[in-house]
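Participant: heads up, no residue letters with this:
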């Protein structure tokens, strides 16, 4: 009892601090000239190692929405579910995510990223899983590999910069100015992208997702899935794009292909999977691919849309996972065929689940639609074929989500229906009402978020454009050489 209230008080305190530290994020900020807030603390000055934290318009919204999601999950665990020592895991995920959002140097990022390795040791497995799975083992192994890949990528960049420029600097903005050979950039991009892709997750590095959702309790799985996509998106935009721009401009089509495979594979598996929690997990895989497509379309419109999708998905997916986790605990089953007719017993939960489901497939008027619209519009400018495939994939995703809602809530009553007391289980719905209101509000008023993330996205887009102007392929160099020779004036 005390631990639950302490967890709620802790997350609420973080939320208040976040609100006071974000004069550049909120619509009522008093000083529009302030674009970011920074903090710098030396750790080992001789090695130029320090903690560098920064909050700008993009990281500020990620901080705010992630903290709101964590507060909702903590309240839900306290008043509706058996917490099973999940409070510490929720706080751990929140700390890790906020550290990634504020990190501006390699050391801080790796430290915050590695906190996820503690999660399997802080929470007991769920009791309604179908079988004994190696979910926690896979979770630890995959995310240990993720941290090692990211550390290796940053170390390679650091030593390459030290060799070429003779400078030892761990700050990301300073590292982005160093000239690194194309071969080293390819290796660095592979290491960083693979490390970030494990957490998002992306195909084919999603092997931890299915068994983890089968074994992990609903509250922990909600914060893990939501912060995984958010931190992976933020890291790709703010670390991969600035550090490996030249190689990304040459290989963007390959990353968009990975995005398409993740989208189609995730949507098809979500359509056919009988496990309600795993179905939502593969929906997250499809959305990770969609976000990746927006990032590697490499224009400000699509990057803005990808950021919006990641921010608002952090609100939507916890609602879906908490509702399905509560239903699974009441029905003592995670299989869709064991559920049905729950609308009559719990209409408030059913209505909230319907709103969140419609938001997750990009219905206009709900929070994910503005981001989806911007990603598709930005991708149409550079990759119209892939954008068309993405729009068709949303039909599969919508079919799976609405079919799942029909099976669980409006299908024929099953034996598990008797385990739901009619109209008495209103606590889960009442806790999720504020988040549901935000899902609707962000659908109608996305301009506050877009206004805040505009400057960070423009800075990244200008960095990409400057490299695009000066990057000329060998064939182009040959053509230019022949052009100058043919037009050389005769004496």
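Facilitator: Okay, I see it. Since the structure is predicted, the reported quantities are computational estimates derived from the model, not experimental observations. Residues are numbered from 1 along each chain as shown.

Participant: secondary structure element for the nearest residue to residue 151 once chain neighbours are set aside?
Facilitator: Excluding its sequence neighbours, the residue lying closest to residue 151 (CB to CB, 6 or more residues apart in numbering) is residue 110, at 5.3 Å. Any C-beta I mention is one placed from the backbone N, CA and C, and that applies to glycine too. Assessed by DSSP states H and E, residue 110 sits inside helix 106-113.

Participant: Contacts for that helix, please.
Facilitator: 43, 49-53, 95-100, 102-103, 146-147, 150-151, 154, 158, 170, 172, 175, 199, 231, 235, 239 (CB atoms under 8 Å, 6 or more residues apart in numbering).

Participant: Buried by neighbour count: which residues of that helix qualify?
Facilitator: 106-113 (16 or more other CB atoms under 10 Å).

Participant: Buried only: go through the contacts of helix 106-113 for me.
Facilitator: Counted by 16+ other CB under 10 Å, those give 50-53, 96-100, 102-103, 146-147, 150-151, 154, 158, 170, 172, 175, 199, 231, 235, 239 as buried.

Participant: Just the residues you listed: which are in strands?
Facilitator: Of the buried ones among the contacts of helix 106-113, the ones assigned to strands by DSSP state E are 50-53.

Participant: Dump those to CSV, plus pLDDT and distance to residue 134.
Facilitator: Below are these laid out as CSV (pLDDT from 0 to 100; distance: CB to CB, whole Å):
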residue, pLDDT, distance to residue 134
50, 70, 39
51, 75, 35
52, 78, 38
53, 81, 36
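
Participant: of those, closest to residue 217?
Facilitator: Ranked by distance to residue 217 (CB to CB), those are led by residue 53 at 31.0 Å.

Participant: Let me know whether that closest one touches residue 39 as I believe.
Facilitator: Yes - at 4.3 Å, residue 53 counts as touching residue 39 under the criterion of CB atoms under 8 Å.

Participant: what about the helices in the stretch 101-250 of the chain?
Facilitator: 106-113, 135-165, 172-175, 182-199, 209-215, 218-235, 241-243, 245-272 (DSSP state H, counting those that start in this stretch).

Participant: I misspoke; the intended subject was the stretch 301-450 of the chain.
Facilitator: 347-360, 368-382, 384-405, 427-444, 447-470.

Participant: Those: which one's closest to residue 264?
Facilitator: Using CB to CB, those put helix 384-405 closest to residue 264, at 5.7 Å.

Participant: could you say what helices and strands that closest one packs with?
Facilitator: helix 245-272, helix 276-295, helix 347-360, helix 368-382 (3 or more CB pairs under 8 Å, 6 or more residues apart in numbering; DSSP states H and E).

Participant: Tell me which of those is the most buried.
Facilitator: Most buried of the helices and strands packed on helix 384-405, by mean neighbour count (mean count of other CB atoms under 10 Å): helix 276-295, with a mean of 27.

Participant: which helices and strands sit right next to it?
Facilitator: Short answer (3+ CB pairs under 8 Å, 6+ apart): helix 276-295 packs on helix 209-215, helix 218-235, helix 245-272, helix 300-331, helix 368-382, helix 384-405.

Participant: Output those helices as CSV; include the columns distance to residue 14 and mean pLDDT.
Facilitator: Listed next are the helices and strands packed on helix 276-295 as CSV, based on distance: least, CB to CB, whole Å; pLDDT from 0 to 100:
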stretch, distance to residue 14, mean pLDDT
helix 209-215, 25, 83
helix 218-235, 13, 90
helix 245-272, 31, 88
helix 300-331, 15, 88
helix 368-382, 25, 88
helix 384-405, 31, 86
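
Participant: Of these, which is nearest residue 450?
Facilitator: helix 300-331 (6.4 Å).

Participant: Enumerate every residue touching residue 219.
Facilitator: So residue 219 contacts 73-74, 76-77, 81, 83, 86, 89-90, 322, 325 (CB under 8 Å, 6+ apart).

Participant: contacting residues for the nearest residue to residue 267 once chain neighbours are set aside?
Facilitator: Nearest-residue entry for residue 267: residue 396, 4.1 Å, with adjacent residues in sequence omitted and distances by CB to CB, 6+ apart. Taking CB under 8 Å, 6+ apart, we find residue 396 in contact with 264, 267-268, 271.

Participant: The same query, at a cut-off of 7 Å, please.
Facilitator: 267-268, 271 (CB atoms under 7 Å, 6 or more residues apart in numbering).

Participant: In a markdown table: those residues, plus distance to residue 212.
Facilitator: Shown next, in a markdown table, are the contacts of residue 396 (distance: CB to CB, whole Å):
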| residue | distance to residue 212 |
| --- | --- |
| 267 | 20 |
| 268 | 20 |
| 271 | 21 |
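
Participant: of these, closest to residue 303?
Facilitator: residue 267 (22.8 Å).

Participant: Touching, that closest one and residue 395? I think so.
Facilitator: No - shown here, residue 267 and residue 395 do not form a contact pair, counting by CB atoms under 7 Å, at 8.8 Å.

Participant: intersection of neighbour lists for those two?
Facilitator: By CB under 7 Å, 6+ apart, no residue touches both residue 267 and residue 395.

Participant: Give me the mean pLDDT for stretch 75-89.
Facilitator: On average, the pLDDT along stretch 75-89 is 76.

Participant: end-to-end on it?
Facilitator: 14 Å (CA to CA, to the nearest Å).

Participant: same check, this time on stretch 43-51
Facilitator: Across stretch 43-51, first to last residue, CA to CA, it's 7 Å.
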